[in-house]
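**Student:** What follows is a predicted protein model with its sequence.
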Amino acid sequence: DRNAVLTTFRCQANTTHLTLYLRTVEGQFGVLRVYVAPRSDRPIACKQLEFLIRPLSIHRRTHTFPQDSERPLNRLTLSGRFSLAEMHQWVQFCLPETPDKPPIVMEETTEVKEAVEAEDEENVRLIYESTFIGSKLECCYKKQKATFRSDNISTIAILKDVLTKEATKRKIILSLDIDIHPDSVEYMLRTIHPKLESLIVLTRKVGLIAPLQELVSSQSHKFSSSGTKMERNTTRGDNPLPGSLPADYAAIWREASSLQALYKQHPCTLERLYGCIIDLYIDKYRFQGIDVKARVPGLMKLLKHYDFHHIVQYFNEH
């Protein structure tokens with residue numbers, strides 16, 4: 001059994017609608033099969049639904065790609081005896097929102113001259129971006145040649161693995177040329193940093209809400225039991241314990257509801273960002289032929305006590 005997961009939902013009587021939300025991980029792909037069976041005591045037939053989970057499932061198609069000077073780009077170039085239609089089929093397998101028919105142009109369509117030469121032959125250029133971290137991907141291909149550029153080294157790694165596997169299935173020999181920009185990994189870390197830092201701060205604040213509420217409640221009870229009158233204005237500018245509670249902790253106590261609501265909007269997002277950083281680390285050294293999986297626990301420990309400069313320093317060690 002090669003299934004990654006098997007789940008059964010038993011619906012209540014008269015249920016006619018069921019909505020499921022899934023969170024995919026890029027690089028892990030396959031087919032989600034759903035079998036819908038009506039409730040019946042007699043022999044029944046079920047309906048099978050299939051949903052393709054693509055290797056780069058959280059990308060979407062866009063139409064703008066940055067200039068070379070705007071961000072460091074990694075490049076993967078594939079050469080082999082494949083047709084334009086075959087390469088388009090592989091790209092469609094990897095990325096959502098890819099048109100069924102390749103949008104062909106009869107001219108050079110990329111700012112990188114070596115990507116697709118300006119000859120009178122059919123060329124395709126498609127651009128995508130990650131909906132999660134905002135990285136970009138450019139796909140330029142024609143008959144027997146394809147070039148992929150991205151500021152995310154993990155995107156290049158996934159494409160390399162999937163496309164070579166698809167070519168092997170068809171017994172097509174590929175020639176690979178990989179150019180990894182030395183600054184691309186740190187660029188992605190800097191891109192992720194603001195979102196990661198804000199979520200870490202939010203998580204820490206939410207973790208303090210329960211202890212602060214317990215402290216304020218216990219102090220209020222203590223004042224009440226002793227007969228001491230405690231000021232209890234409910235305006236947002238108040239500190240419930242002005243003599244002992246610092247202003248920043250008082251702000252967390254006041255804004256508890258809004259902080260918890262904001263936290264619920266980002267379930268598992270922090271862990272997903274950790275996963276992106278770990279993938280960057282593994283892929284950086286994988287392209288150098290170095291296995292650093294044994295050092296991942298050390299990186300995870302640093303992420304739990306996040307400091308951007310310490311993370312960059314760890315990335316540069318091996």
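**Tutor:** Nice, I can see it. Numbers count the residues shown, from 1 in each chain.
**Student:** Grab the nearest non-local neighbour of Lys195.
**Tutor:** Leu273 (6.7 Å; Cβ to Cβ, 6 or more residues apart in numbering). Just so you know, the C-beta spots here come from the backbone N, C-alpha and C atoms, and that holds for glycine as well.
**Student:** Isn't the one you found up against Ile192?
**Tutor:** Yes. Using Cβ atoms under 8 Å, Leu273 is in contact with Ile192, at 6.0 Å.
**Student:** Could you name every residue contacting both of those two?
**Tutor:** Ile133 (Cβ atoms under 8 Å, 6 or more residues apart in numbering).
**Student:** Thr64: neighbour count?
**Tutor:** Residues lying near Thr64 (other Cβ atoms under 10 Å) number 7.
**Student:** Pretty sure it sits in a strand.
**Tutor:** No. Per DSSP: H, G, I helix; E, B strand; the rest coil, Thr64 lies outside any strand segment and is coil.
**Student:** Quick check: it vs Tyr128, distance?
**Tutor:** As judged by Cβ to Cβ, to the nearest Å, Thr64 and Tyr128 stand 11 Å apart.
**Student:** Lys145 too?
**Tutor:** 19 Å.
**Student:** neighbour count winner among these two?
**Tutor:** Neighbour totals were compared for Lys145 and Tyr128, and Tyr128 leads with 24 against 19 (other Cβ under 10 Å).
**Student:** What strand or helix carries the more buried one?
**Tutor:** strand 123-130 (DSSP states H and E).
**Student:** so what does that strand touch, helix or strand wise?
**Tutor:** strand 59-62, helix 84-94, strand 104-105, strand 136-142 (3 or more Cβ pairs under 8 Å, 6 or more residues apart in numbering; DSSP states H and E).
**Student:** partners of the one helix or strand in the chain whose mean pLDDT sits lowest in the sheet?
**Tutor:** The weakest-scoring helix or strand in the chain, judged by mean pLDDT, DSSP states H and E, is strand 104-105 (a mean of 83). Paired strands of strand 104-105, with direction, are strand 123-130 (antiparallel) (DSSP bridges).
**Student:** Residues in contact with the strand it pairs with: which ones?
**Tutor:** For strand 123-130, using Cβ under 8 Å, 6+ apart, the contacting residues are 56, 58-65, 84, 87-88, 91, 95, 97-98, 102-110, 116, 135-142, 152, 155.
**Student:** got it, and stretch 12-20?
**Tutor:** Phe9, Cys11, Arg39.
**Student:** Make JSON lines out of those and add distance to Arg75.
**Tutor:** JSON lines is the format used below for those (distance: Cβ to Cβ, whole Å):
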{"residue": "Phe9", "distance to Arg75": "45"}
{"residue": "Cys11", "distance to Arg75": "50"}
{"residue": "Arg39", "distance to Arg75": "55"}
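**Student:** Tell me the buried residues within the contacts of strand 123-130.
**Tutor:** 56, 58-59, 65, 84, 87-88, 91, 95, 98, 102, 108-110, 116, 135-142, 152, 155 (16 or more other Cβ atoms under 10 Å).
**Student:** Tell me where the model's unsure across the stretch 101-250 of the chain.
**Tutor:** Scanning the stretch 101-250 of the chain for pLDDT under 70 picks out the ranges 106-120, 221-237.
**Student:** residue boundaries of the helices in it?
**Tutor:** Using DSSP state H, counting those that start in this stretch, the helices of the stretch 101-250 of the chain run over 153-169, 184-226, 247-254.
**Student:** Next one: Met188 from Ser154, what distance?
**Tutor:** 8 Å.
**Student:** Give me the buried positions along stretch 282-292.
**Tutor:** Neighbour counts over stretch 282-292 (16+ other Cβ under 10 Å) mark Ile282, Asp283, Lys284, Tyr285, Arg286, Val292 as buried.
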